[in-house]
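Chemist: Give me a 3D structure for the following:
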Amino acid sequence: MSEGKKNITRRDFLKTTGVATGALIGGGLIGGLVGFNMDKNDQDVSNAGKENHVMATPRGMQFFQNTRDFQVLSNATERIFPKDDLGPGAIELGVPYFIDNQLAGQYGSNSREYMHGPFAVGAATQGYQSRLTRGAIFRQGITLLETEANKRFDNGFSSLEGEQMDEILTAFQNDEIPMAGTTSAFFFRLLRSATLEGAYADPMYGGNNNMEGWRMKQFPGHQMAYIQLIESDKFQKIEPMSLGEM
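Modeler: Have a look, this model is predicted:
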């Protein structure tokens, strides 16, 4: 299958399905998504630059403590949710900062969840089972993405070609990379769901810049009322509205 055809298939699926629209951080939402079209540039967090150079909006990091780890996160999210002719990718939508902000809060510390043992391997239907917080899992996972890149390609993750990044992300998705206290497949599910949630959450949470994620799905956001439109049988194109605008 040609790269162009794969690109259309992946993002057409995102465009036509209602899954994840307007979601906040939570469990897994969509399966089997590994994006592409990133490039290299030493001056921005995407490290992307040959054909699809994008610059992330400069903001302060709250969870990640060094630029390298944040670059790895940024490139990984862009591979999962890539920029193409349908709209911006994860980096332009501010997804890396959304994830960073969430990890710095209660989502990353699991502070509102039961985190005591026993920590047996649970069934797929049992939800969160690790003794580690999400923050600890992300730290370990990002480090292992970098380690695996150097092991396979003798280069950092953010300096790899897109197909090489995909190979590593697919290895994580297929649970081929050993992790302590969790599995690489579980880390990939967290990363994928957080990426999609950052693309579609209300912009007040730090992602979905300019509500472009909603615009791709023609999702109206949080309207005060639909009283003028509800009787119409025609599809209504409505300029989306964020909670921060109400």
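
Chemist: mind checking the end-to-end distance for stretch 79-86?
Modeler: Stretch 79-86 has an end-to-end distance of 15 Å (Cα to Cα, to the nearest Å).

Chemist: Same question for stretch 112-131.
Modeler: Using Cα to Cα, the gap from the first to the last residue of stretch 112-131 comes to 14 Å.

Chemist: May I have the residues that are in contact with Gly122?
Modeler: Residues in contact with Gly122 (Cβ atoms under 8 Å, 6 or more residues apart in numbering) are Gln129. Heads up, the C-betas are built off the backbone N, CA and C, glycines and all.

Chemist: Assign a three-state SS to Met204, would you?
Modeler: With DSSP: H, G, I helix; E, B strand; the rest coil as the basis, Met204 sits in helix.

Chemist: Pretty sure it sits against Met241.
Modeler: No. Met204 lies out of contact with Met241 (Cβ atoms under 8 Å); the separation is 11.3 Å.

Chemist: Can you pick out the residue with more neighbours from these two?
Modeler: A count of neighbours by other Cβ atoms under 10 Å puts Met241 above the other of Met204 and Met241, at 16 against 13.

Chemist: per-residue confidence for the more buried one?
Modeler: pLDDT for Met241: 79.

Chemist: Please spell out which residues along stretch 88-105 are buried.
Modeler: Using 16 or more other Cβ atoms under 10 Å as the test for burial, stretch 88-105 gives 88-103.

Chemist: what helix or strand does the residue most central in space within the chain sit in?
Modeler: For the chain, the residue sitting closest to the mean C-alpha position, by Cα atoms, centre = their mean, is Thr195 at 1.3 Å. Taking DSSP states H and E as the definition, one finds Thr195 inside helix 184-200.

Chemist: Tell me the helix or strand right after that helix.
Modeler: Following helix 184-200 in sequence, per DSSP H and E, is helix 212-217.

Chemist: residues in contact with the longest helix along the chain?
Modeler: The single longest helix within the chain, with elements called by DSSP state H, is helix 134-153. Residues from elsewhere that reach helix 134-153, judged by Cβ under 8 Å, 6+ apart: 63-64, 68-69, 72-73, 76, 99, 103, 107-110, 130, 132, 155-157, 159-160, 164-165, 167-169, 171-172, 177, 179-182, 184, 186-188, 190-191.

Chemist: how about a cut-off of 6 Å?
Modeler: Contact with helix 134-153 is made by 69, 72-73, 103, 108, 156-157, 160, 164, 168, 177, 179, 182, 187, as judged by Cβ atoms under 6 Å, 6 or more residues apart in numbering.

Chemist: and it with helix 184-200, angle?
Modeler: Using axes from the mean of the first three to the mean of the last three Cα atoms, to 10 degrees, the inter-axis angle of helix 134-153 relative to helix 184-200 is 110 degrees.

Chemist: what separates helix 134-153 from the chain centre, distance-wise?
Modeler: 16 Å (Cα atoms, centre = their mean, to the nearest Å).

Chemist: Next, the buried residues of it.
Modeler: Buried residues in helix 134-153 (16+ other Cβ under 10 Å): 134-142, 144-146, 148-149, 153.

Chemist: repeat for stretch 62-79
Modeler: For stretch 62-79, by 16+ other Cβ under 10 Å, it's 63-64, 68-79.

Chemist: and after the longest helix of the chain, which helix or strand comes next?
Modeler: helix 162-173.

Chemist: ok now that next one, how far from the chain's centre?
Modeler: Between the centre of helix 162-173 and the centre of its chain there are 15 Å (Cα atoms, centre = their mean).

Chemist: helices or strands next to it in the packing?
Modeler: In terms of contacts (3 or more Cβ pairs under 6 Å, 6 or more residues apart in numbering; DSSP states H and E), helix 162-173 is packed against helix 184-200.
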